[in-house]
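Q: Need coordinates for the below:
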Amino acid sequence: MRKKKVINTDIVLIDIINFSLLSTEQQLEIINFLTRSYKKVIERMLQNAKIDLHELILGYIPTGDGFYCILTPKFRGYGSILGLSFNHFSEQISKKFSYFAGLRIAVHTGPINQFTDILGHDNYIGTGLNDCARYLEIKDFAISTVMVSTQAYDNFKRFITVHPEYNQLLLKREFKKSPMYTFRDKHGDEKKGYRVWLRKSGIITPPIYKF
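A: Sure thing, here's the model as predicted:
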């Protein structure tokens, strides 16, 4: 079997807090609403950036209480901004559903591999996905922030250097970053990252590339 190339890219993980404590009806209601809402967010971004879905996103992986969103390597560095855009909807969702406890969002840049699953669909595995999930393990996770690994943050800094207009936009939205957090995950491995947030939240469209 021909070995497929390892893909190093941004991964955004969305997790619904206390999802397992909800009733079956509430779980179905909130996951349906979340899926529809983020689908509309992505569609709006694609329309504004004048690109197709496959140009921005390699794939989605449902987790039961959320999903992974895997970006194409072309948009590496934009993952942190996408996470902040996703976080914007947390407040809107909490106004609609009284039982909604909020979202936890993590962003990581790491390696993944594509494979064809049992249904014949493209799917993904890799340490990048596993490491991204570890960043949700940090204690006292603030739901108004996005947890970004050091790898993802380094790519984010490169992105806003290449695209200074995004740096200016983030300054206008009052982008904030915490000091570095260092912690050990459930496997005992050391992880480092930052909490980032916008005081003036909103959806930030990806850059327009010529493909």
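
Q: Please count neighbours and contacts with C-alpha atoms only from this point.
A: Noted.

Q: Parallel or antiparallel, which strands does the helix or strand containing G193 pair with?
A: In this structure, G193 sits in strand 190-198 according to DSSP states H and E. Using DSSP bridges, strand 190-198 pairs in its sheet with strand 146-149 (antiparallel), strand 175-177 (antiparallel), strand 181-184 (antiparallel).

Q: Just the buried positions in that strand, please.
A: 191, 193-198 (16 or more other CA atoms under 10 Å).

Q: can the residues you listed go into JSON lines with extra columns for distance to Y166 and pLDDT?
A: Converted to JSON lines, the buried residues of strand 190-198 look like this (distance: CA to CA, whole Å; pLDDT from 0 to 100):
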{"residue": "K191", "distance to Y166": "27", "pLDDT": "93"}
{"residue": "G193", "distance to Y166": "21", "pLDDT": "95"}
{"residue": "Y194", "distance to Y166": "19", "pLDDT": "95"}
{"residue": "R195", "distance to Y166": "19", "pLDDT": "94"}
{"residue": "V196", "distance to Y166": "15", "pLDDT": "95"}
{"residue": "W197", "distance to Y166": "15", "pLDDT": "94"}
{"residue": "L198", "distance to Y166": "13", "pLDDT": "93"}
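
Q: any weak-confidence spans in this protein?
A: 1-4, 140-143, 209-211 (pLDDT under 70).

Q: Looking only at residue counts, what's the top strand in it?
A: In the chain, with assignment by DSSP state E, the single longest strand is strand 103-116.

Q: circling back to that earlier point, just the strands paired with strand 190-198: most buried one?
A: With neighbours taken as mean count of other CA atoms under 10 Å, these reach their highest mean count in strand 146-149, at a mean of 30.

Q: Which SSE is immediately downstream of that one?
A: Defined by DSSP H and E, the subsequent element after strand 146-149 is helix 150-162.

Q: can you give me how far stretch 21-35 is from the chain middle?
A: Its chain's average C-alpha position is 20 Å from that of stretch 21-35, according to CA atoms, centre = their mean, to the nearest Å.

Q: try stretch 14-34
A: For stretch 14-34, the distance to the chain centre is 18 Å (CA atoms, centre = their mean).

Q: could you turn it into PDB, dropping everything but the C-alphas?
A: Presented in PDB, the C-alpha positions along stretch 14-34 are these (Å, rounded to 0.1, in the frame of the first residue of the first chain):
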ATOM      1  CA  ILE A  14     -15.000  22.500  19.500                       C
ATOM      2  CA  ASP A  15     -16.300  20.900  22.700                       C
ATOM      3  CA  ILE A  16     -19.700  21.400  24.500                       C
ATOM      4  CA  ILE A  17     -19.200  21.700  28.200                       C
ATOM      5  CA  ASN A  18     -21.100  19.200  30.400                       C
ATOM      6  CA  PHE A  19     -22.600  17.600  27.200                       C
ATOM      7  CA  SER A  20     -22.900  14.200  28.900                       C
ATOM      8  CA  LEU A  21     -25.000  15.700  31.700                       C
ATOM      9  CA  LEU A  22     -27.700  16.800  29.300                       C
ATOM     10  CA  SER A  23     -30.800  14.800  28.500                       C
ATOM     11  CA  THR A  24     -31.000  12.900  25.200                       C
ATOM     12  CA  GLU A  25     -33.400  15.500  23.900                       C
ATOM     13  CA  GLN A  26     -31.200  18.400  25.000                       C
ATOM     14  CA  GLN A  27     -28.100  16.800  23.400                       C
ATOM     15  CA  LEU A  28     -29.900  16.400  20.100                       C
ATOM     16  CA  GLU A  29     -31.200  19.900  20.200                       C
ATOM     17  CA  ILE A  30     -28.000  21.600  21.000                       C
ATOM     18  CA  ILE A  31     -25.800  19.600  18.600                       C
ATOM     19  CA  ASN A  32     -28.200  20.200  15.800                       C
ATOM     20  CA  PHE A  33     -28.300  24.000  16.500                       C
ATOM     21  CA  LEU A  34     -24.500  24.100  16.800                       C
END
